[in-house]
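Chemist: this one's sequence-less:
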């Protein structure tokens, strides 16, 4: 499988849009060397989880809807070559955990994760033109899963972390890339997937769009 390092100049001649306001996803795409514009999706994440057979279907649909909403904007629809939509959830004992509603909710989430394993699922939707002068359409939809094992956390530690404010904008109520990384005993899978973007996978999928003439 090929990645994109040797094609950065080709990609950076294209108009790429990240349909996410996440500072973590922004930093990860910058690490790939990509030039891109951020257009935050207006899609309201109100999908009914019970309508989906599994968490991966749910997170993929969220990513798709975010990217599709941006791809239809007047400022994007005629000029953009690639729209990237992403979504991340934490799954513990079969239950989807998204961003906490408040500090008490964050505490409860972290208490659930303490001393056990959970899965982090990140999905990515790519909208491109499929061929020159074609409209933007969904050309890639994929997800990656990483298993994360937390150490046993006592209530004081959880409270101290919640008081930092860090859990409030993160699925599952924690960010592995900062102090909460010290809660993690081990992971199985892509580290960057837990941060919010499956680094290797998105590289290979974008490269495939280039190689097949869909970007």
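Modeler: Received it, and whenever you're ready, just let me know what you need. Given the structure is predicted, the values throughout are model-derived calculations rather than measurements.
Chemist: tell me the secondary structure for the residue lying farthest from the centre of the chain?
Modeler: Distance from the centre of the chain peaks at residue 156, with 29.8 Å (CA atoms, centre = their mean). Recorded secondary structure, residue 156: helix (DSSP: H, G, I helix; E, B strand; the rest coil).
Chemist: so how far is residue 163 from it?
Modeler: Distance, residue 156 to residue 163, by CB to CB, to the nearest Å: 11 Å. C-beta: built from backbone N, CA, C; applies to glycine.
Chemist: same question, residue 149
Modeler: According to CB to CB, residue 149 stands 24 Å off from residue 163.
Chemist: my guess is residue 147 contacts residue 116. True?
Modeler: No. The pair residue 147 and residue 116 does not pass the contact test of CB atoms under 8 Å, sitting 10.8 Å apart.
Chemist: could you pick out the longest helix of the protein?
Modeler: The residue-count maximum for a helix in the chain (DSSP state H) belongs to helix 55-71.
Chemist: who's in contact with that one?
Modeler: Helix 55-71 has contacts (CB atoms under 8 Å, 6 or more residues apart in numbering) with 17, 19-20, 39, 41-43, 45, 47, 49, 52, 76-77, 80, 83-89, 91, 96, 119, 121-127, 136, 138, 141-143, 145.
Chemist: quick one, strands of the chain?
Modeler: For the chain, the strands defined by DSSP state E cover 16-18, 37-38, 82-92, 95-97, 117-128, 137-150, 184-188.
Chemist: format the ones you listed as TSV; extra columns: distance to residue 207.
Modeler: Shown next, in TSV, are the strands of the chain (distance: least, CB to CB, whole Å):
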stretch	distance to residue 207
strand 16-18	14
strand 37-38	21
strand 82-92	12
strand 95-97	31
strand 117-128	11
strand 137-150	11
strand 184-188	25
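Chemist: which of these comes out lowest on mean pLDDT?
Modeler: Least confidently modelled of these is strand 95-97, at a mean of 92 by mean pLDDT.
Chemist: check the offset of that strand from the chain's centre.
Modeler: 15 Å (CA atoms, centre = their mean, to the nearest Å).
Chemist: where in the chain is the helix or strand with the lowest mean pLDDT?
Modeler: In the chain, the helix or strand scored least confidently by mean pLDDT, DSSP states H and E is helix 74-77, which has a mean of 89.
Chemist: tell me the buried residues in it?
Modeler: For helix 74-77, the buried set under the neighbour-count rule, 16 or more other CB atoms under 10 Å, comprises residue 76.
Chemist: distance between that helix and the chain's centre?
Modeler: With CA atoms, centre = their mean as the basis, helix 74-77 stands 23 Å off its chain's centre.
Chemist: who's in contact with that helix?
Modeler: Residues outside helix 74-77 that contact it (CB under 8 Å, 6+ apart) are 17, 39, 70-71, 83, 135-136.
Chemist: farthest pair within these?
Modeler: Farthest apart among the contacts of helix 74-77 by CB to CB are 39 and 135. That separation is 17.1 Å.
Chemist: so for those two, which residue has more residues nearby?
Modeler: residue 39 (19 against 11; other CB atoms under 10 Å).
Chemist: does the more buried one touch residue 15 like I think?
Modeler: No. The criterion here is CB under 8 Å, and residue 39 misses it with residue 15 at 10.9 Å.
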